[in-house]
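[1] Next one to model:
(chains A and B)
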Number of protein chains: 2
Amino acid sequence: MLRTHTCGELRTEHIGQTVTLCGWVQRTRDKGGIAWVDLRDRYGLTQLALEEGVETDAVRDQARHLGREFVVQVTGKVAERHSKNDKLPTGDIEIRVEKLDVLNPAKLPPFLIEDDTDGGDDLRMKYRYLDLRRNPVRNNLMLRHRMAQAVRRYLDGQDFIEVETPVLIKSTPEGARDFVVPSRMNPGEFYALPQSPQTFKQLLMVSGFDRYFQIVKCFRDEDLRADRQPEFTQIDCEMAFVTQEDILNTFEGLVRYLFKEIKNLDFPTVPRMTYADAMRDYGNDKPDTRFEMKFVDLTDTVQGQGFPVFDGAEVVLGINAITCAAYTRKQLDELTDFVKRPQIGATGLIYARVEGDGQVKSSVDKFYSQDELRKWSTALNANPGDLLLLLAGPDTKTRKALSELRLEMGHRLGLRAKDTFSPLWVVDFPLLEFLEEEGRYFAMHHPFTSPKPDDLALLDNPATIGQARANAYDLVINGVEVGGGSIRIHDRAVQARMFGLLGFSPEEAQAQFGFLLDAFEYGAPPHGGIAFGFDRLCSLFGGADSIRDFIAFPKNNSGRDVMIDSPSPISRAQLKELSIKTDVVVK
Amino acid sequence: MLRTHTCGELRTEHIGQTVTLCGWVQRTRDKGGIAWVDLRDRYGLTQLALEEGVETDAVRDQARHLGREFVVQVTGKVAERHSKNDKLPTGDIEIRVEKLDVLNPAKLPPFLIEDDTDGGDDLRMKYRYLDLRRNPVRNNLMLRHRMAQAVRRYLDGQDFIEVETPVLIKSTPEGARDFVVPSRMNPGEFYALPQSPQTFKQLLMVSGFDRYFQIVKCFRDEDLRADRQPEFTQIDCEMAFVTQEDILNTFEGLVRYLFKEIKNLDFPTVPRMTYADAMRDYGNDKPDTRFEMKFVDLTDTVQGQGFPVFDGAEVVLGINAITCAAYTRKQLDELTDFVKRPQIGATGLIYARVEGDGQVKSSVDKFYSQDELRKWSTALNANPGDLLLLLAGPDTKTRKALSELRLEMGHRLGLRAKDTFSPLWVVDFPLLEFLEEEGRYFAMHHPFTSPKPDDLALLDNPATIGQARANAYDLVINGVEVGGGSIRIHDRAVQARMFGLLGFSPEEAQAQFGFLLDAFEYGAPPHGGIAFGFDRLCSLFGGADSIRDFIAFPKNNSGRDVMIDSPSPISRAQLKELSIKTDVVVK
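    Reported below is the predicted structural model:
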């Protein structure tokens, strides 16, 4: 090895030993005849010392010419420090340098390699290999490594087998847009990159693999947002001969194991909530349950008093923002602006303060008597000092808007601390949802999800199709959907019927999913599974909002890797071999 | 759960318990008033028994109607068997069935779900989900799972961090042909799928990650052979601040750990051989060292005696096929035909038998006296009963042919047992090789491999470029290259020069690999690594020749997945969105 120790391991017990370290120059100082160099590697930081009259002039001269981020190899004796640094594990010692070699010099980095850097997003992405030197970014990826190891350890211990499924598969019309790969050997034909290994894991259940998992890259060619990447990683799992209850228990075990291993947090069982209750109480199928602030339906309470906004509304819903009665006019205006943003879309915000004496003062006092207003306060279980916030309008839209307002208030009240974790199972999702713009039903989870047996009859009547519930479930933590799954269909006839409800002709279903339908006729066991968004799970455990910080080499919002400058044009010869042309002029 | 136990776990201590099992019907028998059903799952086989007058007529009638591969759930009491089966871990017990439910019936499978099946390759690939039910195939994938877990455990224990690198990267002209992915958001531009994460892992070293690994899918759009797949899996590793010696030691440790964990085999250190010695002694840079049978250069010994074939040859090389003197004329003709095959390309085979009395009898006796022939025998260290096999011709071609003959003889002599393992490091590979058909040098390993410092001067002279050796090494087990790597270049100037030797203009080098060249200027540490072919490593540990048996859903030699019928045409709308056209008519 080029070193005897790392920059993170020397302690007072090493004093007197001659050691060799390698690393990067974090910073240099020269004061009162002593030069200091902080040497950094993945494991830590060690101080080098070069004193006039003690270390040789030659080596001191070398040290003086070191620049930030130079890669050096130093040999010297471990010595006790004069002024110790409690904040550093190696803070009790320093190296008195005898020999110093520059293994590679470095140009001045375009931004500071420090925990807080002066580099903007674009610059840091272009020089991602320098950004990755910063402790917070490296720690994120080390957390990711530990999470992946823990997931595998847990699942292996539960008899799950990791099986690699193919990356070059077949394009299917259902779901998101596929990335495709032209086949040179089969001109005019294309592979698709998997959006998930869904059908393969189901086939593994048909094969009797019983318990499968895979930490696997998946791909979706969708327009990107801050928290979405064209390639992302799933923890993909499937089990045979199980009920929904078995799956919830097994993966609740995984989540509790991860919290214990990674965060040293003990969790009791994960609570469960139906989709219907989540929508009723939080207006959201992934409620942030770190705090309550449930919706209260005030429609009956507030209507009929002559206030046109409420009287004309399908629903009037309220939340109690506890302790916020002292909100200023400006703060209330901010909240009003917040709910009126186009992406939230409420037409206005009605508020009422519960004052110290229990009096309720609202923005619509002229329509409501004190007695009426007290009914609001009672319904919302409010105390003096609380602020009542009401939205009115069409049911779905109003719930959605109030959900956003609730999250905003939770944030303002400090109820959404990143180091508090509130996991929740949301169960009994609807099987299908009707998309007006497409004029047909779509699978809410995916087309392989089984309806609840009790709700099968609802599928016979066009008027009740949308009411049928699925054996589908999501794992939500802190308002983030980190996993979702379902008990699958394992019967050819039910699966064929499902494809029919989704608008496939029998021929189309056979052409696209014939292999699966056929497989169901050769002894398919009851089965179900779940997939977790691994990037998101890591960011949640790491206390960050964006998944990008937990991906070594992410792409930007245009799907570009600005570091390697990809995608890029390819040669005419490559296009010709692949039997394709592009509509864009090729160099 | 739908079951209380698996089909592999019941023993005599469970006798008397009421249990519920789920599984597939392996076979049914009905004899002397007792019906037996063998129920199978991933964990084993359990016998169900239904006796006239004991079990109810109703349940016995159900059992009689079970077909092969039906999926059933049975409840009953564990009972001691009358005639026990030693070969089965559950062979001491049977289940007296009280309740039987068919969870899913099955059509008759197109081939037998048995260890030895009657299904041909094509049929088994089309119904891969049934093929995967067979024990040998499932065991292969379970071995693969255990190998992957062990690799991760070992490397994690050595402070390696698994980092996921991107799948959507940039097409580069060097190396094999890329699979490409049209970018919808960047019309006319393409991603490429990685042939390996080479540049990314080097950037991670520049980032200070120090020890990286990844078990990762890689892609090559090459014409396929039996043992090559368009997508394959690598154990990809890289270390910083190391010499070649450190890397060999670290990964020798991995190999020894795997042999111990998976095969319970203890290995001493892995021997090393230079590329030059391997070519000299075995005519092969991946010699099968399970047996000796080294080449002996007989050129000087045999030339000048008037035999034109030898006298006109660049080299005459021999091997000693011990104990084969009794080979019949027919066997020798087979060997002659073997070496004359076009893919081997020798013009003929000269042999000589060492008889019981030490007399040597050759096929060219009229040119060689007994004294001359005894020199052959001495040179080849032969004993009475041995057979000497000689090939003559141009050096490279003759070595290649004799290497094939040596492997064939090793096979015939039973010296290549699948349960014997002989790992070997081959070191000091040439840096570059000149490809006549391309008229230029190519990197023997890849363009990022560093020349040996002592050989740098050889690169200055066009006449000696090909002699420069690299800090490159392969791990060979039983004649199979299972891994290869090198110490990398970490200096911009050296890397730029290397690109120059490979025919890149400075502009081309900057356009393709500018990010890496730039990175080398910001403090790149000395580093090196290795990558193992994981599919091949698994097949080797599993004692099989083909990697296909160790891949859950492999593709055929045309790159097709015949089960899902991929690749396939995509719609006009998809093509249009991607700004591409195909030269082939689209439906």
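
[2] Tell me the confidence at the residue of the stretch 401-550 of chain A found nearest chain B?
    Closest residue of the stretch 401-550 of chain A to chain B, Cβ to the nearest Cβ: residue A:523 (3.5 Å). Yep, even glycine has a C-beta here, placed from its N, CA and C like the rest. pLDDT recorded at residue A:523 is 97.

[3] How about residue A:56?
    For residue A:56, pLDDT reads 92.

[4] Buried residues, stretch A:86-101. List them.
    Buried residues in stretch A:86-101, counted by 16 or more other Cβ atoms under 10 Å in any protein chain shown: A:88, A:90, A:91, A:92, A:93, A:94, A:95, A:97, A:100.

[5] How about the secondary structure of the last one?
    In this case it means residue A:100. strand (DSSP: H, G, I helix; E, B strand; the rest coil).

[6] So for stretch A:42-51, mean pLDDT?
    Stretch A:42-51 carries an average pLDDT of 96.

[7] Ok, stretch A:264-273 next?
    Here the average pLDDT along stretch A:264-273 is 93.

[8] and it, C-alpha only, in PDB?
    C-alpha atoms of stretch A:264-273 as PDB (Å, rounded to 0.1, in the frame of the first residue of the first chain):
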ATOM      1  CA  ASN A 264     -31.000   3.400  16.000                       C
ATOM      2  CA  LEU A 265     -34.700   4.100  16.400                       C
ATOM      3  CA  ASP A 266     -37.200   1.600  17.800                       C
ATOM      4  CA  PHE A 267     -40.600   1.600  16.200                       C
ATOM      5  CA  PRO A 268     -43.800   0.000  17.400                       C
ATOM      6  CA  THR A 269     -46.000  -1.500  14.700                       C
ATOM      7  CA  VAL A 270     -46.800   0.800  11.800                       C
ATOM      8  CA  PRO A 271     -50.400   2.100  12.000                       C
ATOM      9  CA  ARG A 272     -52.800   1.500   9.100                       C
ATOM     10  CA  MET A 273     -55.300   3.900   7.500                       C
END
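
[9] can I get the buried residues of stretch A:86-101 in CSV with pLDDT and secondary structure?
    As requested, these are exported to CSV (pLDDT from 0 to 100; DSSP: H, G, I helix; E, B strand; the rest coil):
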residue, pLDDT, secondary structure
A:88, 95, coil
A:90, 97, coil
A:91, 97, coil
A:92, 97, coil
A:93, 97, strand
A:94, 97, strand
A:95, 97, strand
A:97, 97, strand
A:100, 97, strand
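
[10] and those as a markdown table, adding distance to residue B:558?
    Output for the buried residues of stretch A:86-101, formatted as a markdown table (distance: Cβ to Cβ, whole Å):
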| residue | distance to residue B:558 |
| --- | --- |
| A:88 | 60 |
| A:90 | 59 |
| A:91 | 63 |
| A:92 | 66 |
| A:93 | 64 |
| A:94 | 65 |
| A:95 | 61 |
| A:97 | 63 |
| A:100 | 59 |
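
[11] which of those lies closest to chain B?
    residue A:100 (15.2 Å).

[12] show me what contacts that closest one?
    Listed by Cβ atoms under 8 Å, 6 or more residues apart in numbering or on different chains, the contact set of residue A:100 reads A:59, A:62, A:63, A:72, A:73, A:74, A:75.

[13] can I assume the third one is in contact with residue A:97?
    Yes: under the contact definition of Cβ atoms under 8 Å, residue A:63 touches residue A:97, with a separation of 6.8 Å.

[14] what residues are shared contacts of these two?
    Contacts common to residue A:63 and residue A:97, judged by Cβ under 8 Å, 6+ apart, are A:37, A:48, A:50.

[15] Strands - which of those residues land there?
    Judged by DSSP state E, the subset of these located in strands is A:37, A:48, A:50.

[16] Columns distance to chain B on top of the residues you listed, output as CSV?
    Below are these laid out as CSV (distance: Cβ to the nearest Cβ, whole Å):
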residue, distance to chain B
A:37, 14
A:48, 16
A:50, 20
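
[17] Most neighbours of all those residues, which one?
    Highest neighbour count within those, by other Cβ atoms under 10 Å in any protein chain shown: residue A:50, with 29 neighbours.

[18] For that one, list the residues it contacts.
    A:34, A:35, A:36, A:37, A:59, A:60, A:63, A:96, A:97.

[19] So for chain A, the centremost residue is which one?
    residue A:536 (2.0 Å; Cα atoms, centre = their mean).

[20] In what element of secondary structure is that residue found?
    Taking DSSP states H and E as the criterion, residue A:536 maps to helix A:534-541.

[21] Tell me the first helix or strand C-terminal of that helix.
    That would be, after helix A:534-541 and using DSSP H and E, helix A:572-577.

[22] That next one and chain B in contact?
    Yes: under the criterion of Cβ under 8 Å from any Cβ of the partner chain, helix A:572-577 makes contact with chain B via A:574, A:577.

[23] I'd like the average pLDDT over the helix or strand just after that helix.
    Downstream of helix A:572-577, the next assigned helix or strand under DSSP H and E is strand A:580-582. Taken as a whole, strand A:580-582 has a mean pLDDT of 90.

[24] Could you do stretch A:463-478 as well?
    On average, stretch A:463-478 scores 96.

[25] follow-up on the earlier one: now, which of the contacts of residue A:100 lie within helices?
    A:59, A:62, A:63 (DSSP state H).

[26] Can I get the residues you listed in TSV including neighbour count and distance to residue A:221?
    Below are the ones in helices among the contacts of residue A:100 laid out as TSV (neighbours: other Cβ atoms under 10 Å in any protein chain shown; distance: Cβ to Cβ, whole Å):
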residue	neighbour count	distance to residue A:221
A:59	19	57
A:62	19	53
A:63	22	52
